[in-house]
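1. A predicted structure for the sequence below; I have some questions about it.
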Amino acid sequence: MEDLVQDGSSLLPPTALSDGVDRRDFLKVALGTGFAAATLPVMAQHVLKTDSKGLTEGTIQIKVGAQTVPVYRAQPEGKSNLPVILVVSEIFGVHEHIADVARRFAKQGYLALAPELFVRQGDAGKEPDMASLIKNIISKTPDAQVMGDLDATVAWAKANGGDVTRLGITGFCWGGRITWLYSAHNPQVKAGVAWYGRLVGEKNSINPSHPIDIAPTLKVPVLGLYGGKDSGIPQESINQMKAALAKAGNTSEFVVYPDAGHAFHADYRPSYVEKDAKDGWTRALAWFKAHGVA
C-alpha cells in the first residue's frame, strides 16, 4: 500500500533549463501519457479528462546538478506572471492522472509543474506491482533529493513566466507527505494542500524527518485532506499533528471525510469517492486563493 511509503538524501543545486536528456529520461519524454502499470486495471468510467484547449502543456527538462529531471508543465497559453503550483505525485510518478490534475490547475490560471521525482531511481510507471515499486524505487528515493528537485523546479518557474511570490504546493499520498515537508523546507511557499499524506513514521537516512517532526517550526498554512477510513493513516496520527501545529500557533487545517478511505481523489482507482474528491478540490482552490497563491 502506497500510504505506508516514505521517501529522503543529498541536496543538489538547481540550474537552468536544458533540452538534453540522460539515459533514464528516454523513459519519461512524454510524461502523463498513460497510467502507471502498478495501478492497472484503470476504472475508466470514473476517469476525468481535462482537455488542453487554451493551454501550453507537455514535458520540459530541468537540469539539477548532473541530472536532467523531466517535468510535466501546464499553463494558460501565452500568459506570464502566473501563480505557481507544484503538483507532487503519488508513488506511481507523473502518469496521466497527475498530468490531468496539472491541467485542471492550468485551467484555473496557474503555471502547474509536476516533476518526475523518481527519475534517478528508475521508471515508476513501469514497475509491475506495488511491492516492486516500493522495493526498487520508493525506498531508495531520499527526501533531500526530492527537496532539491522541487527547488530546481521553482527556479525554472521563476525564469519562465512564473510568479514565485505566489507559490503553492499540493500532493497525493507520497506527495502529500512531501507537501508538508516542502512547505517547511522552502520559505517561498505561501500555502500547501496535502491529500492523505502520511504524518508519522520511522526515521532513517532516506527519511530523516516526517511531518510530525517539522510541525513545531512550520510557518506555512497547509490544508490536510484525509479519509476517515484510511487504514494506513490512523486518526490518532492526525490528532497528533493537529496538536503539534496548534501548539506552534500554525493555522493549518484538516478536513477528514468520514466515508472515504485512502486515495479518494484518484478517479482512476476503485478508492475514488466522487463527492469527497470534488469537495476537496473546491476547498483546495479556495485555500490557495485565501492564502495569496491565486
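-> Great, that's in hand.
2. I'd guessed Ala37 sits against Ala124; true?
-> No. Assessed by CB atoms under 8 Å, Ala37 is found out of contact with Ala124, at 9.2 Å. Any C-beta I mention is one placed from the backbone N, CA and C, and that applies to glycine too.
3. okay, those two: which has more neighbours?
-> Shown here are Ala37 and Ala124; by other CB atoms under 10 Å, Ala124 has more neighbours (28 against 17).
4. got the phi and psi for that one?
-> Backbone torsions for Ala124, taken as degrees, to the nearest 10, come to phi -60, psi -30.
5. relative to Pro208, how far out is it?
-> Distance, Ala124 to Pro208, by CB to CB, to the nearest Å: 22 Å.
6. now do Arg177
-> Using CB to CB, Arg177 is found at 13 Å from Pro208.
7. more neighbours, these two?
-> Set Arg177 next to Pro208 and count neighbours by other CB under 10 Å: Arg177 wins out with 29 against 13.
8. look at that one and give its secondary structure.
-> At Arg177 the chain is in helix, as set by DSSP: H, G, I helix; E, B strand; the rest coil.
9. with adjacent residues omitted, what lies nearest to it?
-> Closest residue in space to Arg177, ignoring its immediate chain neighbours: Gly197 at 3.8 Å, by CB to CB, 6 or more residues apart in numbering.
10. and the strands in the chain?
-> Per DSSP state E, the chain carries strands over the ranges 14-17, 55-64, 67-76, 82-88, 111-115, 162-172, 189-195, 222-227, 253-257.
11. ok, now which ones touch the residue of the chain positioned farthest from its centre?
-> Within the chain, Lys247 marks the point farthest from the mean C-alpha position, 26.5 Å out by CA atoms, centre = their mean. Contact analysis of Lys247 by CB atoms under 8 Å, 6 or more residues apart in numbering lists Pro216.
12. hmm, which helix or strand of the chain has the shakiest average pLDDT?
-> For the chain, counting by mean pLDDT, DSSP states H and E, strand 14-17 ranks last in confidence among helices and strands (a mean of 34).
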